[in-house]
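# sequence and predicted model, in that order:
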Amino acid sequence: MINKQISSPAEAVADIFDGATVMVGGFGEAGSPIELIHALIDQGATNLTLVNNNTGTGEVGLAALIKAGRVSKMICSFPRTANSTVFPKLYHSGKTKLELVPQGTLAERIRAGGAGIPAFYTATSFGTPLAEGKEVRTIDGRDYVLEYGLTADFTLIKGIVADTYGNVIYNKTARNFAPVMAMAGKVTIAQAATILHPGGLDPEIIITPGIFVNRVVHVENPEYESELVLSGATYPS
């Protein structure tokens, strides 16, 4: 087995290239890999397509990456929340594109991509603007919209504990999109507050097996988006 531990977030994201599609775990701040996102800002990759449930808050984490002008397109379900000011301004100015996807459809598109399923039909969005231009098929008297699976060049996720083989567990609902995103990324990078030696994790509690994770990096005291926003922090400061 391969030791997948990387020395720093900077090293972990060093090969993310211009134009890459990047999935980022998290539901709001829950499970958001702040340190990996900030390392990506420092790294400088641009023209990125980001896949996330939302567009971040304040001027840290995901929102900071968008503010830095690195994101050309967002694929998400909630482009605007109470504290999301960066993306709406860029979107309305035409500087960033948006592909709006219902949350359940987003999760299934990612799961399908990771499972090697190229497309599927769903009743969600039929008869709405989100279905315009998409193939529709009637099955057993009900209309369904064709949606395509999503994959990514890189996936960034946050666990609470991982081992050096890349097995990951999460802090309760902070797992959210991370397990399916890990499957859908060609290169999946996980940060974790604790890194254990092989055998340190009970196999029965592993959520994301190491086969889906390429790199793990130790972030002992991860920052939390809400605390940073409350303090008025920005990144870079």
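Structure's in. What do you need? Numbering: from 1, shown residues only.
# what distance do you get for the most centrally placed residue in the chain to Ile34?
When CA atoms, centre = their mean is applied to the chain, the residue found nearest the centroid is Val24 (1.6 Å). Note on Val24: its distance to Ile34, by CB to CB, to the nearest Å, is 10 Å. From N, CA and C alone the C-beta is placed, and that goes for glycine too.
# was I right to think the residue nearest to the centre of the chain contacts Val51?
Yes - contact criterion CB atoms under 8 Å: Val24 and Val51 qualify, at 7.0 Å.
# between the two, what contacts are shared?
By CB atoms under 8 Å, 6 or more residues apart in numbering, Val24 and Val51 have these common neighbours: Met181.
# and the closest residue to Asn171 other than its chain neighbours, which of the three is it?
Among residues not flanking Asn171 along the chain, Ile160 sits closest, at 4.2 Å (CB to CB, 6 or more residues apart in numbering). What DSSP: H, G, I helix; E, B strand; the rest coil gives for Ile160 is strand.
# residues in contact with Ile160?
Counting by CB under 8 Å, 6+ apart, Ile160 touches 169-171, 174, 192-194.
# need the max-distance pair from these.
Of all pairs drawn from those, the greatest distance, 14.0 Å, lies between Ala174 and Thr194 (CB to CB).
# pretty sure Asp143 contacts Ala123?
Yes - judged on CB under 8 Å, Asp143 makes contact with Ala123 at a distance of 6.9 Å.
# what's the closest non-adjacent residue to Phe195?
Careful, residue 195 is Ile and not Phe. The spatially closest residue to Ile195, leaving aside those adjacent along the chain, is His218, at 4.7 Å (CB to CB, 6+ apart).
# sorry, slip of the keys, the one I care about is Phe17.
Ala45 (6.2 Å).
# got a list of what the one you found touches?
Here Ala45 is in contact with 13, 16-18, 20, 70 (CB under 8 Å, 6+ apart).
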